[in-house]
Structure formats: C-alpha cells, structure tokens
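**Student:** predicted model, plus sequence, below.
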Amino acid sequence: MDGEKKYEASISAHYGRSDLSEEIFGALEKAGRKITSYKDATTFDQFHMRGQDATRELAHLADLKTGERVLDLGCGIGGAARLLAAEFGCRATGVDLVEEFVRTAAELTRKAGLSDRVDFHAGNMLNLPFEENLFDAVWSQHTFMNIEDKPRLLLQIHRVLRPHGRLALYEVAQGQNLPVYYPVQWASDPSISFLLPLDPFKHMIVDAGFELLHWQDVTEECLQWFQSIVTKMKHRPAGAPPPLGVNLLIGPTAAEKARNTVRNLQEGRIRVVYGVFEKRW
C-alpha cells in the first residue's frame, strides 16, 4: 500500500463507522425526533468545537453572501454546509474522505429539503475533482490538523478559488507545551495529527498566495465550551440515554476524548484560531 492509500485508510479507520446512518436515525427515532429542517440536526451535525455558533461566526467573518459557491473541506455529515445554505443563501459543496460521512450528509440534506442547494462528494481533498476558479469561498473547520502535506492542500484551494475568493478556516494549532494528550476527536494517536504552531501556519497560508484578512485566537472560548460539555457528562444521571450530540459521530470514546481536549486547551498544548484569507493571484 503506497503512502497516500495508507493515509486514507488511517483516516477512514479513525472516523468511519459502517453503521453511522443507522445509529443516527435510530437514535432520532428513539427520541421521537424527525429531520424535516436543517435545524433538527444541529445538536450533532457540527463536528467541531462550539458547534453552530462557531459556524455562524466564521461565516460572518468571511462575509459570505447569498448565491456564493462555497466548498466545505472535510465536511463530515454536512452540518456547516446545510447551515450556510439555509441561513446565508450559499450554494454549498462538501467533500470528505470518509464515505459514510458523505452518505449520511446526503441523506440528512435530503430530509432537510436542501438537496437543490447542497451536494457532497467522497474523495481526498489533496486531489479535488473541481475545475479552476469555481468557488467564491473555501471553508475548513478542524480539517488541516489531519493533513500532513498542507502546502499541497493550499495549492488545491488556490486552484479552485476564483480571483479574490476567500479561504475561511477554524482550525486547531500546536500550543507552546508538548506533547498533546491523545486520543482526541481528530486522532487516536499522533500518526494522523499534524499540528503546526499558529505563526508558521499563518505564514504558510500567506506564502501560498493569500492575503490575511482576519486572524483571531479563540482558544479560551473553546475551553469554556468544552468544560461545560464535560460538566454535563459528569452530571448525567446513571442509566440516562446519551444526548443527541457529536457523541453519535465519535462513539464510545467521546468522553475520554473530550477530557483530553480540555486538558490540552488548559495546559496550552493546543490553540484554536479563526482565519480568513483572500486569494491574491
């Protein structure tokens, strides 16, 4: 198996679950809930810190406008793409390496009545299957940390963006203290975790042909959010059914990964940042 195929297999093994759709729709049925709107899935379909609040904040920072085409890298089960279509009037396309994420994203989107404005593709974002100058914005939330060859990804992003298109990202970066505690949501061990410190990460993007428009460290906000999640987990009554949250995507290790992420944030082992960039040429 060559390096790229091995990497794809490792990512799919970490995130992929063959029964994901059945588990999500089974949990919804057990809770007496149905998907008739994108809002019905927002408790579990935003696979990043601070959920839909972070998605809305980044969309405003990126100044997304009605009718713009947005490419969502590492789209997961499509939560951000659906929100951007429903609330910001965008035409969203999602791409993810994990096929079960893509299938689930398409089904949730169909049930929410947004298939005419949101579509999904399974594939490696290092080989994007799109023509040049197609998208007004490229969107990335908690995606770059799984990418070792970031310059190659940035070349792909630059290629598919229209002139003066924006790259909007919400990413985890390496902190000043090491090592990072594992497992965490994006990696069970360091083999698929490729964090960069904030400044080298920012300069890498600028050097790839982008102008910095906005850069904001939101580590403290993420820590407060995660602490509230861990507190809720601790105080859930014994035997109570699990909440319809991102634990549906993570599975039985959700609590351990949440505790490790809180420790990483508290101890300065990871940072979290918003970034908005414009394609220069």
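**Tutor:** Sure, I can see it.
**Student:** any idea how many residues pack against residue 222?
**Tutor:** By other CB atoms under 10 Å, the residues close to residue 222 number 23. Where you see a C-beta, it was placed from the backbone N, CA and C, and this is true even at glycine.
**Student:** so it touches residue 273, yeah?
**Tutor:** No. Look at residue 222 against residue 273 with CB atoms under 8 Å: they stay out of range, at 9.9 Å.
**Student:** which residues do those two both contact?
**Tutor:** Residues within reach of residue 222 and of residue 273 at once, by CB atoms under 8 Å, 6 or more residues apart in numbering: there are none.
**Student:** okay, now the unreliable bits of the stretch 1-150 of the chain?
**Tutor:** 1 (pLDDT under 70).
**Student:** that one: helices as residue ranges?
**Tutor:** 3-15, 20-30, 51-61, 79-88, 99-111, 150-160 (DSSP state H, counting those that start in this stretch).
**Student:** just name the most buried of those helices.
**Tutor:** With neighbours defined by mean count of other CB atoms under 10 Å, none of the helices of the stretch 1-150 of the chain is more surrounded on average than helix 79-88, at a mean of 25.
**Student:** hmm, who's touching that helix?
**Tutor:** 37-38, 41-42, 45-47, 52, 55-56, 59, 64-66, 70, 72, 75, 90-94, 105, 108-109, 112, 114, 117-118, 120, 139, 141.
**Student:** which of these are buried?
**Tutor:** 38, 41, 45-47, 52, 55-56, 59, 64, 70, 72, 75, 90-94, 105, 108-109, 112, 114, 117-118, 120, 139, 141 (16 or more other CB atoms under 10 Å).
**Student:** my guess is residue 274 contacts residue 216. True?
**Tutor:** Yes. Here residue 274 reaches residue 216: they are 4.4 Å apart, a contact under CB under 8 Å.
**Student:** quick one: which of the two has more around it?
**Tutor:** residue 274 (20 against 14).
**Student:** on the three-state scheme, that one is what?
**Tutor:** strand (DSSP: H, G, I helix; E, B strand; the rest coil).
**Student:** spit out the contact partners of it.
**Tutor:** The contact partners of residue 274, by CB under 8 Å, 6+ apart, come to 57, 58, 61, 169, 170, 214, 215, 216, 218.
**Student:** pLDDT wise, what is it at?
**Tutor:** Predicted confidence (pLDDT) for residue 274: 99.
**Student:** determine the longest helix present in this structure.
**Tutor:** helix 219-235 (DSSP state H).
**Student:** next, the buried residues of it.
**Tutor:** Those would be 219, 221, 222, 223, 225, 226, 229, 233, for helix 219-235 by 16+ other CB under 10 Å.
**Student:** right, and the pair among those with maximum separation?
**Tutor:** Greatest spatial distance among the buried residues of helix 219-235 (CB to CB): 219 and 233, at 21.0 Å.
**Student:** and for the one helix or strand residue 216 maps to, what's in contact with it?
**Tutor:** Counting by DSSP states H and E, the element that carries residue 216 is strand 210-217. For strand 210-217, contacts defined as CB under 8 Å, 6+ apart pick out 61, 154, 158, 166-167, 198, 202, 205-206, 271-280.
**Student:** could you redo the last one with a cut-off of 6 Å?
**Tutor:** Residues from elsewhere that reach strand 210-217 (CB atoms under 6 Å, 6 or more residues apart in numbering): 61, 206, 273, 274, 275, 276, 277, 278, 280.
**Student:** so the fifth one touches residue 169, yeah?
**Tutor:** Spelled out, that is residue 275. Yes. Using CB atoms under 6 Å, residue 275 is in contact with residue 169, at 4.7 Å.
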